[in-house]
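Trainee: Let me see the structure of the following:
(2 chains)
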Amino acid sequence: MSLIEKISLDQTELLRFITAGSVDDGKSTLIGRLLHDSKSIFEDQLSSITKTTQKRGMQGVDLSLLTDGLQAEREQGITIDVAYRYFATPKRKFIIADTPGHEQYTRNMVTGASTANLAIILIDARKGVLTQSRRHSYLASLVGIPHIIVAVNKMDLVDYSQKVFDDICKDFAAFADGLNLHNIEYIPMSALVGDMVVERGDQLDWYQGTTLIDLLENIEIKHDVNHDNFRYPVQWVCRPQTKELHDFRGYMGRIESGSIRVGDDVTLLPLGLTSRIKEIVMYEGSVEEAIAPQSVTLTIEDHLDISRGDLLVKTGDAPQVAQAFNAMLCWLAEQPLDPSRKYLIKHTTRVVKAIVSQINYRVDVNTMNHERVDTLKMNDIAHVAVKVQQPLVCDDYAQNRATGCFIMIDESSNNTVAAGMISFSEEV
Amino acid sequence: MSSNHRFTHLDALESEAIHIMREVAAECANPVLLFSGGKDSIVMLRLAEKAFRPGRFPFPLMHIDTEHNFPEVIAFRDHRAEELGERLIVASMEDSIKKGRVVLRSENQSRNAFQSVTLLDAIAEHGFDACMGGARRDEEKARAKERIFSFRDEFGQWDPKNQRPELWDVYNARTHPGENIRVFPISNWTELDVWEYISRENLEVPEIYFAHSREVIRRDSGLLPVSHLVQPQAGEQAEKITVRFRTVGDMSCTCPVESDAANIDDIIAETAMTRITERGATRMDDQTSDASMELRKKEGYF
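Mentor: Got it, this is the predicted structure:
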């Protein structure tokens, strides 16, 4: 039995999720409700938002204020991209990437989604599947979020009607068919009242499924990581050069996907040299096997010249070594793409110079239509051709997030200007 | 990962932090790890051991010493650095005061906010381009919005509206000369995670985290420890009660909480049950206004 199968299921795992929806969909109320009903809100926080609710001339406690932000935001009535929130139940620990739903939405959602196991797509039961629901779903599919929960919210405002819920599910399913979305679950709820979030409530008896928290606690996520293809970007070479460890050369890094055992044949890329795993060193001692996403130190049988940026894989399971490739690019910077300029690409632990040699098309995220453009502006998503000065050792993003993703950096400002997802499929 | 093949949330958080520390070591020319002797930085040291042993740390440790610290914590700091055999730099606020860089209204006022000056001076003096610290996003709402790799301009300022996007686990650590990056490897940990990790790793912590008898004054909504910095004012009465500290910082504004937690298990149980946030309970300087931390960070605070 492999290590991944042996990992017991009853452990408190870590689940990262994102909530997609605009302010009016009740996103803040839902997050507030999750935190409140899972008893993750502290008394001083509660008393502070109670005061603010009263100051604004409202009754009770406005749970959406829990996600209220900084002074800079309050003064200008804006919300700054991503805030992270934490709560835990006895079964799991949760990290919510809370992204505001205004015009910067694409950039923020892609950022929050990049580390998420799951997206909750909020739909207002009164409005059904809107353009923005399509946009959120497209972005979730673009970034390859493994699990989707469609939360049909505000059921209290449609008399908890099963027909309304069923129709929305049908609409969404038809639309999602054309997207790369898997594992879609549908839940009717009222975040305001609390129905089907943590408590079932007594208005939705016709609904046989689980509550939101139940689903979040039990959804199986251990297969979200690619466990098939061993990918090990070398981060740091450890050479203590002490008397006892004079010849020790440890290659430190994190197993981004797959697993490795002592004795496995490995290939060093992009050079193509081969060797065998001698030891898997952990702080606590050596182990026989390690799996993604563990951070470890590997030693090998032969003396190869290995440095940061190199990738170790199992021999016979090589990714692509590419100097030109296609990618979906999300432009994040205010300064538009200058196709005549060189940018830096950081891919795994390797940094190379790159140019966007062609913009094949831009995707209108509301209609999914393809458009011809000459440059990319903030929040644009496009299919582009990229050339790099030194080869990247990479996989198709759909097969392997870690070795298929990259960021682009503007060398003069040092800003992160774009996020890319490598695609080796033929479609242009 | 423990031997019985569990991969818990702590394992996930640990692996993430190790990965971050190694990225800092590899991408930054001259990083430093901030170590105060507090529980979060104790966890940071264990993570650094896991990231770099059997080698040495590819960075020194640094403490921004307000000289308003609890003596037990300073003793612990020195003992731990020596045990690890790593270099410890102590940047003293006393020096900043002597140089006239910090001007205090009174000897006894809280020095927390002035740490920024000493920190920025030390960064300039040693030419550090990255400072790793044990801040967590669950501590405070300004921190909740801060990146793991948090860029600071040449004045050390944080601009919340102009942060670099941070995607996947691909971090951008690039700086121009004079700028620096603050890095928070345990951003995603909560107070409870920190204590569970301390328990799992069997880490030593300063005694003042455990319940002990101490002379305190009740002031505003909190307890203040009596020391040479804090004495009862007119109408106040010092009393001896059983308390422990949830955070350790400037003695003049770090409040203990009433507690009988005598060991790590008790602390974990108490932390899991507590209904008051860590900073709300223990930091008078964060209660000054809704945006205290945000304003301090904009001035270069950690």
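Trainee: hey, where'd the strands end up in chain B?
Mentor: When secondary structure is read from DSSP state E, chain B shows strands at B:31-34, B:61-65, B:88-92, B:130-132, B:149-152, B:180-183, B:212-219, B:222-225, B:239-245, B:256-258.
Trainee: Among these, which comes closest to chain A?
Mentor: The minimum distance between chain A and the strands of chain B falls on strand B:149-152, with 8.0 Å, by Cβ to the nearest Cβ. C-betas here are computed from N, CA, C, even on glycine.
Trainee: average pLDDT across that closest one?
Mentor: For strand B:149-152, mean pLDDT rounds to 92.
Trainee: so what does that strand touch, helix or strand wise?
Mentor: For strand B:149-152, the contact count by 3 or more Cβ pairs under 8 Å, 6 or more residues apart in numbering or on different chains; DSSP states H and E identifies strand B:180-183 as packing neighbours.
Trainee: contacting residues around the strand it packs on?
Mentor: B:20, B:24, B:28, B:31, B:123, B:128-133, B:148-152, B:156, B:158, B:173, B:175, B:302 (Cβ atoms under 8 Å, 6 or more residues apart in numbering or on different chains).
Trainee: what are the pairing partners of that strand, and which direction each?
Mentor: Sheet partners assigned to strand B:180-183 using DSSP bridges are listed as strand B:130-132 (parallel), strand B:149-152 (antiparallel).
Trainee: list the helices and strands the helix or strand where A:G32 lies packs on?
Mentor: Element membership for A:G32 (DSSP states H and E) is helix A:27-37. Here helix A:27-37 is seen to pack against strand A:13-20, strand A:83-88, strand A:92-98, strand A:118-124, helix A:212-218 when contacts are counted using 3+ Cβ pairs under 8 Å, 6+ apart.
Trainee: wait, does the longest helix seen in chain B contact chain A?
Mentor: Longest among the helix segments of chain B by residue count, using DSSP state H, is helix B:9-27. Yes - residues of helix B:9-27 contacting chain A under Cβ under 8 Å from any Cβ of the partner chain: B:9, B:11-16, B:18-19, B:22-23, B:25-26.
Trainee: Which residue ranges make up the domains of chain A?
Mentor: A:13-218, A:231-314, A:320-423 (automatic domain parsing).
Trainee: Let's have those domains in a markdown table, adding distance to B:F70 and mean neighbour count.
Mentor: Output for these, formatted as a markdown table (distance: least, Cβ to Cβ, whole Å; neighbours: other Cβ atoms under 10 Å in any protein chain shown):
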| stretch | distance to B:F70 | mean neighbour count |
| --- | --- | --- |
| domain A:13-218 | 24 | 19 |
| domain A:231-314 | 29 | 18 |
| domain A:320-423 | 39 | 19 |
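Trainee: Could you dump the ones you listed into TSV and include mean pLDDT and distance to B:A48?
Mentor: Formatted as TSV, the domains of chain A follow (pLDDT from 0 to 100; distance: least, Cβ to Cβ, whole Å):
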stretch	mean pLDDT	distance to B:A48
domain A:13-218	85	21
domain A:231-314	95	10
domain A:320-423	95	19
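Trainee: quick one: B:S41 from B:C253, how far?
Mentor: 19 Å (Cβ to Cβ, to the nearest Å).
Trainee: One more: A:S413?
Mentor: 39 Å.
Trainee: Could you export the strands of chain B to a markdown table, including columns for mean neighbour count?
Mentor: Shown next, in a markdown table, are the strands of chain B (neighbours: other Cβ atoms under 10 Å in any protein chain shown):
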| stretch | mean neighbour count |
| --- | --- |
| strand B:31-34 | 24 |
| strand B:61-65 | 23 |
| strand B:88-92 | 17 |
| strand B:130-132 | 26 |
| strand B:149-152 | 23 |
| strand B:180-183 | 26 |
| strand B:212-219 | 15 |
| strand B:222-225 | 21 |
| strand B:239-245 | 17 |
| strand B:256-258 | 18 |
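Trainee: Those: which one's closest to A:R231?
Mentor: With Cβ to Cβ as the measure, strand B:149-152 is the member of those nearest A:R231 (22.3 Å).
Trainee: in stretch B:16-33, what counts as buried?
Mentor: Judged by neighbour count using 16 or more other Cβ atoms under 10 Å in any protein chain shown, the buried positions of stretch B:16-33 are B:16-28, B:31-33.
Trainee: Kindly export it (C-alpha atoms) in CSV.
Mentor: Backbone C-alpha positions of stretch B:16-33 (Å, rounded to 0.1, in the frame of the first residue of the first chain) are rendered in CSV as follows:
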residue,chain,number,x,y,z
GLU,B,16,4.4,25.5,3.6
ALA,B,17,6.5,27.5,6.1
ILE,B,18,9.7,25.5,5.3
HIS,B,19,9.2,26.1,1.6
ILE,B,20,8.8,29.8,2.2
MET,B,21,12.0,30.0,4.4
ARG,B,22,14.0,28.2,1.7
GLU,B,23,12.7,30.6,-1.0
VAL,B,24,13.8,33.5,1.1
ALA,B,25,17.3,32.0,1.7
ALA,B,26,17.7,31.3,-2.0
GLU,B,27,16.2,34.5,-3.5
CYS,B,28,17.4,37.2,-1.0
ALA,B,29,21.0,38.3,-0.7
ASN,B,30,21.0,39.1,2.9
PRO,B,31,18.0,37.9,4.9
VAL,B,32,17.5,37.9,8.7
LEU,B,33,15.1,36.1,11.0
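Trainee: just how off-centre is that stretch within its chain?
Mentor: Centroid separation for stretch B:16-33 versus its chain: 18 Å, with Cα atoms, centre = their mean, to the nearest Å.
Trainee: Same question for stretch B:179-195.
Mentor: Using Cα atoms, centre = their mean, the distance from the centre of stretch B:179-195 to the centre of the chain it belongs to is 9 Å.
Trainee: Break down chain B into its helices, ranges please.
Mentor: B:9-27, B:39-52, B:71-84, B:93-98, B:115-126, B:141-144, B:191-201, B:264-273, B:278-282, B:292-298.
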